[in-house]
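Visitor: A predicted structure for the sequence below; I have some questions about it.
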Amino acid sequence: MFSAKKGFVLTDALCSILIVAVLVSFVTAVVTLSLRSREASREAVSELETQYEMMFLQQEGCRLSCTEDADPSS
């Protein structure tokens, strides 16, 4: 990146800054995407757990209701 002419030192510095800025932007984008995808995964898992919990509670209620209806002693 270094040129032999003194007039190009500023250009070399600007190119270096540009390269570093692009790399920093890329790393920031990757980290942000990773964090957002983890959060979305956590929310999806939580929602599924809630739905399954409600489904099992409904099944338990139906099972209890059916056993009470089938029991002739009550």
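Guide: Here it is on my side, so go on.

Visitor: next, count neighbours for Ser34.
Guide: For Ser34, the tally of surrounding residues (other C-beta atoms under 10 Å) stands at 10. (C-beta placed from N, C-alpha, C; glycine too.)

Visitor: that one and Arg63, how far apart?
Guide: From Ser34 across to Arg63, the span is 43 Å (C-beta to C-beta, to the nearest Å).

Visitor: which residue lies nearest the spatial centre of this protein?
Guide: Most central in the chain under C-alpha atoms, centre = their mean is Ser37, positioned 1.8 Å from the mean C-alpha point.

Visitor: in what helix or strand does that residue lie?
Guide: helix 9-70 (DSSP states H and E).

Visitor: which helices and strands sit right next to that helix?
Guide: Using 3 or more C-beta pairs under 8 Å, 6 or more residues apart in numbering; DSSP states H and E, no helix or strand is in contact with helix 9-70.

Visitor: still on that earlier bit, how much space separates the residue nearest to the centre of the chain from Val30?
Guide: 11 Å.

Visitor: follow-up on the earlier one: centre of the chain to the helix holding Ser37, how far?
Guide: Offset of helix 9-70 from its chain centre (C-alpha atoms, centre = their mean, to the nearest Å): 3 Å.

Visitor: from Val24, how far out is the residue nearest to the centre of the chain?
Guide: 21 Å.

Visitor: could you do Thr50 as well?
Guide: Thr50 is 39 Å from Val24, by C-beta to C-beta.

Visitor: before we move on, what about Leu57?
Guide: From Leu57 over to Val24 (counting by C-beta to C-beta), the distance is 50 Å.

Visitor: same check, this time on Thr32
Guide: For Thr32 relative to Val24 (C-beta to C-beta), the value is 12 Å.
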